[in-house]
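Sharing a model prediction with you, sequence too.
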Amino acid sequence: ESEGIPQVHHLLTMASSHDDLKPSPAPHGIQSHMSSSARSIIDLVDDLRKIGISQDLPIPQIAVMGDQSSGKSSVLEAISSIPFPRGNGLVTRCATQIRMSNCSTWAATIRWVDPTGQESGDIVKISSPDKIADEIERVTCELDKNQKNIVTDKEIEIVLQSPDVPNLTIIDLPGIVRTSTRGQAPGLMREVDALLNRYLEEERTIILAVVPVNVDVATVDILERAKKVDPTGDRTMGVLTKPDLVEKGNEAAVLGLLTNREKPLKHGYVMLKNRTPAQLSAGMTLDEARAAETAWFATSYYSTAKGAEDVRLGVEQLTLALTELLIALIHTAIPSMKREISERLGNTRQDLDKCGEAPPSTPQACLSAAITATRRFAQGMQTVANEAGDCGLGDTARVLYMERKARAQFGEDVRQTRPGFNGEDDTCKVVVTGCEGFYAPDLNDGVVKKAIGDEVSSVYYNQMSRAGNDKHATVGNAVDVPYADYGFFKGTIRARESYFREDIAKKIDTFRGRELPGFLNFALFSKIMQEYVQRWAGPAETFRATVSTSFVAAAFLLIKRETEALPVLQSRLITDVAAFVESADALASERLDQLIYTELLPSTENHYLWDTLNKIRDQRVTKKVEEMSTNTDGWVDKKAVLALLKSDLGNESNESAEVTDMIDMLSAYWKLAVKRYIDEAAMVISSTYTRPECIVRLQSKLDEHVLSTDPDRLVQLFRQNPALQRRRQQLTDTITRLSNAKSRIDAGFD
């Protein structure tokens, strides 16, 4: 027995005498001698092929390969008893699969198929054997309208039943193209090689190498190609053709090849004598050709010469050898095929699980599924909006976190609108009078040293060192101005650019009514506060938009995850959520506008206002007293304190005191109002978008829309993503094929 593929002679009832090994007039007598076990093995592979398992893994098969004009068509005709197209050049332009079954009556069909099983042509019945060649040409032209190219993605499938054929499936492939010819399609040689290599490299394909013996065997390419992919020769068999064209004197060399002494193959060679061109022109039938072959071999050198005792001659010997080799290959392949089927079946089921459950199809089932989807979505929104979770969707979905972050930024932005009540925003224009404090190393890179006479704008008054007790940035007063990291320059105040206290004084003077000195002008106070309050609207709108955007982003992520395979339902839910958020946006904006409107009229019963006002005044007095301390113990001179109270406080003019009181009141009330506004605006945003009752309202809206949907439209909502639907169907079909194949193999072939 051979090492790679076991011999199965016991499966075939073979005659042992030399005479019985000679050609027999009966074309396919092997069918009557084939044991039931051998027949069941062949039937197993045919059943697997019918199941379509070749779409998923290779199955044992026979492929006929050879050079152009090597006699491939004649070999196929001899085995199948049907004619094939003939002509000059490349006649076979796509793989042709002939599935033969030995039956009592003749019948045949033809179609083109996609090896992946995704599509196929119409099945056409063939009325008689002499019509097959024309039908092959017709289907070939249908696949290649230019009639010049190689068709690599389709096959022609011929299903043949006849009392004159064996139970075999054989694949005919284009002949090897050695040289380019005029009119040949570009890349033809490369396409033929690619197609041949696909079958050559398949370890379950028997290579039936057709070798014409009327040429130098050393130039026959198919034997070398077969040796590269099948170095042990387990699946290669040679067919010698055109023995009648061997030049006189070369017969012994050909006999050396036939007896497997020259260029030996593990499974040897079989010789055929097919019809000559003259016999074809004369209309010799296939039955006549087989009889002529038998007669020719009976007297030929290849059966009468010394050493020709064990040669295999004729189509019946070829069929016998092919059947035996195929059965051995099947025996070897079945265990590994079974493992591959089981592995692929498990992987395919996992892939199908990843596609999720199939969508419902009835209106009632769709209604239940839609309500379930909205509830899962609402639960997810509660998690991201109120429980600091992300539902596995990342930080983008953390609505509560984004709201807190936006709220902190909102508070900071509103506080940044605080006016310079204490003069911190007051600026002056200063003329440089001296640069004694400048040293070249003290300046930063790129900072230009100031020169005497330069004007410097936007100098913050609180940052200057002032001579004397200049509280009000008096024009003409001398100052020291910090410059760069360590430098400073001396200067003189030329003008006040912005001066908060002066602005308030002008407004008091402009809007003075009949109130007596010492009485606060509430109308003016309200007018100034209104200017300050209106600055809060911008930060509030930014806060609202940020939370709204975060809410929408999280909602859309959740919807897409829950409805990944259902684009119509996904689009509907996204539309409904967008409409809900749009309504929430309008409501939030309206409520924020109302907050601003409410704050335009100053009002409070909170004692915090007076507490803050007193604190402001106490801090001012405390600061002045502390500035009077001249020793480390913090003691101050009593006379100095009394002088301070008399000159700076009690002796202040009515106008100055009125300005101070207005600024104190504005500062105290602004601090109270801004705290209140930040909290109330944040509650507006939360109660509009993210509080639990908001999510409940959203779910109610979604459920309401679902319940009001027409039943037919409801079913449409669960129309699956076409690509996923195709993927699911492909996986389901694959599982069916694999399961059927596994069951068929498990049933055995004994």
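Done, it's in. Numbers count the residues shown, from 1 in each chain.

in this structure, which spans are strands?
Ranges of strands in the chain, per DSSP state E, are 61-66, 94-102, 107-113, 124-126, 151-162, 169-172, 205-212, 236-241, 269-271, 427-434, 455-460, 465-466, 478-483, 487-498.

Reformat those strands as JSON lines; add mean neighbour count and mean pLDDT.
C-beta coordinates here come from the backbone N, C-alpha and C atoms, glycine included. Shown next, in JSON lines, are the strands of the chain (neighbours: other Cβ atoms under 10 Å; pLDDT from 0 to 100):
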{"stretch": "strand 61-66", "mean neighbour count": "23", "mean pLDDT": "93"}
{"stretch": "strand 94-102", "mean neighbour count": "22", "mean pLDDT": "89"}
{"stretch": "strand 107-113", "mean neighbour count": "18", "mean pLDDT": "92"}
{"stretch": "strand 124-126", "mean neighbour count": "14", "mean pLDDT": "93"}
{"stretch": "strand 151-162", "mean neighbour count": "20", "mean pLDDT": "88"}
{"stretch": "strand 169-172", "mean neighbour count": "23", "mean pLDDT": "91"}
{"stretch": "strand 205-212", "mean neighbour count": "24", "mean pLDDT": "94"}
{"stretch": "strand 236-241", "mean neighbour count": "24", "mean pLDDT": "95"}
{"stretch": "strand 269-271", "mean neighbour count": "25", "mean pLDDT": "95"}
{"stretch": "strand 427-434", "mean neighbour count": "19", "mean pLDDT": "87"}
{"stretch": "strand 455-460", "mean neighbour count": "14", "mean pLDDT": "86"}
{"stretch": "strand 465-466", "mean neighbour count": "14", "mean pLDDT": "70"}
{"stretch": "strand 478-483", "mean neighbour count": "19", "mean pLDDT": "82"}
{"stretch": "strand 487-498", "mean neighbour count": "19", "mean pLDDT": "82"}
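
could these be laid out in CSV, adding distance to residue 319?
Output for the strands of the chain, formatted as CSV (distance: least, Cβ to Cβ, whole Å):
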stretch, distance to residue 319
strand 61-66, 11
strand 94-102, 10
strand 107-113, 19
strand 124-126, 22
strand 151-162, 13
strand 169-172, 10
strand 205-212, 11
strand 236-241, 11
strand 269-271, 9
strand 427-434, 108
strand 455-460, 105
strand 465-466, 116
strand 478-483, 107
strand 487-498, 108
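
And those strands: which comes nearest residue 287?
With Cβ to Cβ as the measure, strand 151-162 is the member of those nearest residue 287 (12.1 Å).

counting contacts, what elements does the closest one pack onto?
Judged by 3 or more Cβ pairs under 8 Å, 6 or more residues apart in numbering; DSSP states H and E, the packing partners of strand 151-162 are strand 94-102, strand 107-113, helix 132-143, helix 188-200.

With distance to residue 391 added, can I get these in a markdown table?
Listed next are these as a markdown table, based on distance: least, Cβ to Cβ, whole Å:
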| stretch | distance to residue 391 |
| --- | --- |
| strand 94-102 | 52 |
| strand 107-113 | 47 |
| helix 132-143 | 52 |
| helix 188-200 | 48 |
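
Nearest to residue 577 among these would be which one?
strand 107-113 (47.5 Å).

got the CA coordinates for the closest one in CSV?
What follows is strand 107-113, C-alpha atoms only, in CSV (Å, rounded to 0.1, in the frame of the first residue of the first chain):
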residue,chain,number,x,y,z
ALA,A,107,-30.6,12.8,-19.0
ALA,A,108,-28.5,15.9,-18.7
THR,A,109,-28.8,19.5,-17.5
ILE,A,110,-26.4,22.5,-17.7
ARG,A,111,-26.0,25.8,-15.9
TRP,A,112,-23.4,28.2,-14.7
VAL,A,113,-22.7,28.4,-10.9
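
Much appreciated, bye for now.
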